[in-house]
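Chemist: got a structure for you, letters missing:
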DNA sequence: TGCCCAGATGATAGCGCTCCCACCTGCTGG
DNA sequence: CCAGCAGGTGGGAGCGCTATCATCTGGGCA
């Protein structure tokens, strides 16, 4: 039993073990497993057989240390249970897996610059080859500039540093679809419950809504601000329900829309007979509440795939600037909207 | 410019750089940074100053390769957008962070044994020190037995291998709370829309429901099976709504409950006047739909923390068997349940 | 006074892999 | 007929860190 030919039990087999069994050098094993072209088919087969026989598994840490490449991308998201986060992450995971990359997620409890920096640093420490920032960049610090300069990064809410690439859903279009739908139903004007202003999606939706009203020469009512939670929708709904003029509301997310509708019910305003409501996201439950919710569907899965694709291209050639990509939302008409009743 | 004293620009500073600047050995730097006790306070301060000055960041890959320890735990979850997944992951992330561990997530698209194996192998490749399986183990393969033997593992739905530790919410209690609540309201019996039978939570809830009915000498109606989706709730609701006897339904998840209520509405059965409905989970929207949903709240965050705590203990001493831990759900009474009307 | 031990530090040897370069075939073409 | 070249392979040198052992100091105690 020479320790150079037999490893102690308990230690997983390494590349040299595979090499010995296959009767080649460790170097050739490495090449065969990496899919390098200059390896004879016969040799590769021998290597694969040895791998199979020994139950060899690559040692990722060693690979990363040696090559600097990790085959991993990082995603920064907000630590919440909102549907949008889950759906998007889901989309990214799928797409990354297809591209042969692993996904490492770093969540941040707040949108503070320092919290986002910390999340990005955590990912950097894991040697991710690229990052997707799925949180709004409120303030771009020197540190963030530096990080996005060093690691190819894609932001998905439209905010960006000088070095990031951008992927976004056309949120302005989402708002315009919703607003125009309500005007088409004959409503005089449309009220709006927005998301937090720090979020670019929220302000894009707000702008789109305002643009349509102005283009049509309608009165632009004051905007109410929520925080994406059902509870904030409820609070704003209690306000809207007390204003007799309100007949149509565009709410910046389905979860808030549920809260708005709930509040209107409690105040005796019927949906859609008295007030029409449109949400955004098309969460799974939108169809199953009463009344079922008219909403603007967000192509989250598609967006995840787009972000990953964009990131891959950016990683392949960090020099070339890619043009911002964007996908289009679509209106889903259900029962929470109805024609305005004429006075 | 000797290359031994000055590194090429562009390469991040390493421990030897820090050591040189601090005027100590690399070894001492390692100890100081690891919080090793046998380091003079003065020395530690010098090291920290040098770290600060150079912007040194540890190289994780090297640390893992060298020590075998990664300070990371892995979580296997199903690739869905269900609330429960997000909420639980969230809880685990928090708890792990507090324990000084990073979390790596591997999602699986299906519950096939091979898919779960693949997810676990991915985590093993990342040198996780422990795993939390947040998916039901339908069939425990040799491979899974082996993996759970090699890496400390906690399962959180009650299924287990010979080597795993178990953490669970008492799902039977959840069902009993819901069922008894409905009986207390005067209903003759309670119908049940369950989750997929492969999920232990689903069958535990089913058992709890059945146990209460039998203990009270009530008729046990046939069970309807859903797949956790709102749509499956809707389908089953269309069936239940056509059965005149039905006055109370216990649905195994809130999302399905939304579907059930929706279907009952469409069939002209009012909730709660004609039929009372109870869900499980207490999702954020449960309170804001109409009628607001009576449900059994699951302590997801607590469960995540419990799972992490359990795992830490298991990792510290893989030999000692820990007794299964469990947390208790609680009933939240809202508007979807009402006293039975007497014939 | 001398010895031992504990605390503080340094030197050296890998961890398992990939990179770079050298090597060896067997073939083409002047 | 042999230089020259390309495809296939092997041999070393690290990647940046930690484990292990060795070294060196300064007490406390007989």
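Modeler: That came through fine. The shown structure was predicted, so the numbers you read here are calculated from the model rather than taken from an experiment.

Chemist: what residue ranges in chain A score low on pLDDT?
Modeler: Scanning chain A for pLDDT under 70 picks out the ranges A:1-10, A:343.

Chemist: which residues of the stretch 151-300 of chain A fall in helices?
Modeler: Here the stretch 151-300 of chain A has its helices, by DSSP state H, counting those that start in this stretch, at A:171-184, A:200-215, A:230-240, A:254-266, A:300-316.

Chemist: try the stretch 1-150 of chain A
Modeler: Ranges of helices in the stretch 1-150 of chain A, per DSSP H, counting those that start in this stretch, are A:15-22, A:26-34, A:41-54, A:60-67, A:83-98, A:113-125, A:142-150.

Chemist: quick one: the fourth one near chain B?
Modeler: Yes. Judged by C-beta under 8 Å from any C-beta of the partner chain, helix A:60-67 comes into contact with chain B through A:60-62, A:64-65. From N, CA and C alone the C-beta is placed, and that goes for glycine too.

Chemist: so how far is that helix from its chain's centroid?
Modeler: On the basis of C-alpha atoms, centre = their mean, to the nearest Å, helix A:60-67 sits 29 Å off its chain's mean C-alpha point.

Chemist: buried residues, that helix. List them.
Modeler: For helix A:60-67, burial by neighbour count (16 or more other C-beta atoms under 10 Å in any protein chain shown) applies to A:60-65.

Chemist: DNA strand C next: which of those residues are close?
Modeler: A:62-63, A:65 (C-beta under 7 Å from any atom of the strand).

Chemist: leaving out sequence neighbours, find the closest residue to residue A:212.
Modeler: Residue nearest to residue A:212 in three dimensions, not counting chain neighbours: residue A:179, with 4.2 Å by C-beta to C-beta, 6 or more residues apart in numbering or on different chains.

Chemist: what sits against the one you found?
Modeler: A:190, A:208-209, A:212-213, A:250 (C-beta atoms under 8 Å, 6 or more residues apart in numbering or on different chains).

Chemist: recalculate using a threshold of 7 Å.
Modeler: A:190, A:209, A:212-213, A:250 (C-beta atoms under 7 Å, 6 or more residues apart in numbering or on different chains).

Chemist: list, one by one, the residues from chain A near chain B.
Modeler: A:57-58, A:60-62, A:64-65, A:79, A:81, A:83, A:86-87, A:90, A:93, A:102, A:104-105, A:107, A:125-127, A:229-230, A:234, A:255, A:258-259, A:262, A:265, A:284-285, A:288-290 (C-beta under 7 Å from any C-beta of the partner chain).

Chemist: may I have the phi/psi pair for residue A:298?
Modeler: phi -100, psi 130 (degrees, to the nearest 10).

Chemist: coming back round to it: wait, which of the helices of the stretch 1-150 of chain A is closest to residue A:307?
Modeler: helix A:83-98 (6.3 Å; C-beta to C-beta).

Chemist: now the angle from the closest one to helix A:300-316?
Modeler: Put simply, helix A:83-98 runs at 50 degrees to helix A:300-316, going by axes from the mean of the first three to the mean of the last three C-alpha atoms, to 10 degrees.

Chemist: residues of helix A:83-98 that come out buried?
Modeler: So for helix A:83-98, counting by 16+ other C-beta under 10 Å, buried means A:83-97.

Chemist: could you do stretch A:259-266 as well?
Modeler: The neighbour-count check on stretch A:259-266 (16+ other C-beta under 10 Å) flags A:259-265 as buried.

Chemist: show me what contacts the nearest residue to residue A:289 once chain neighbours are set aside?
Modeler: In space, residue A:289 comes closest to residue B:289 once its chain neighbours are excluded; the distance is 5.0 Å by C-beta to C-beta, 6+ apart. Taking C-beta under 7 Å, 6+ apart as the criterion, residue B:289 is in contact with A:258, A:262, A:289, B:258.

Chemist: try 10 Å this time
Modeler: Residue B:289 makes contact with A:230, A:258-259, A:261-262, A:265, A:285, A:288-290, B:254, B:257-258, B:261-262, B:283, B:334-336, according to C-beta atoms under 10 Å, 6 or more residues apart in numbering or on different chains.

Chemist: check residue A:29 too.
Modeler: A:14-22, A:39, A:43-44, A:46-48, A:50-51, A:56.

Chemist: let's see it at 8 Å
Modeler: A:15, A:18-19, A:22, A:47, A:50.

Chemist: among those residues, which one lies nearest to residue A:158?
Modeler: Nearest to residue A:158 among these: residue A:15, at 45.1 Å, using C-beta to C-beta.

Chemist: pretty sure the closest one sits against residue A:24.
Modeler: No. Counting by C-beta atoms under 8 Å, residue A:15 stays clear of residue A:24, with 10.6 Å between them.

Chemist: list the contacts of residue A:152.
Modeler: A:129-131, A:165, A:311, A:314-315, A:318.

Chemist: tell me the contacts of residue A:277?
Modeler: By C-beta under 8 Å, 6+ apart, the neighbours of residue A:277 are A:248-249, A:251, A:257, A:260-261, A:264, A:271, A:293-294, A:336-337.

Chemist: distance of it relative to DNA strand D?
Modeler: For residue A:277, the distance to DNA strand D equals 55 Å [C-beta to the nearest atom of the strand, to the nearest Å].
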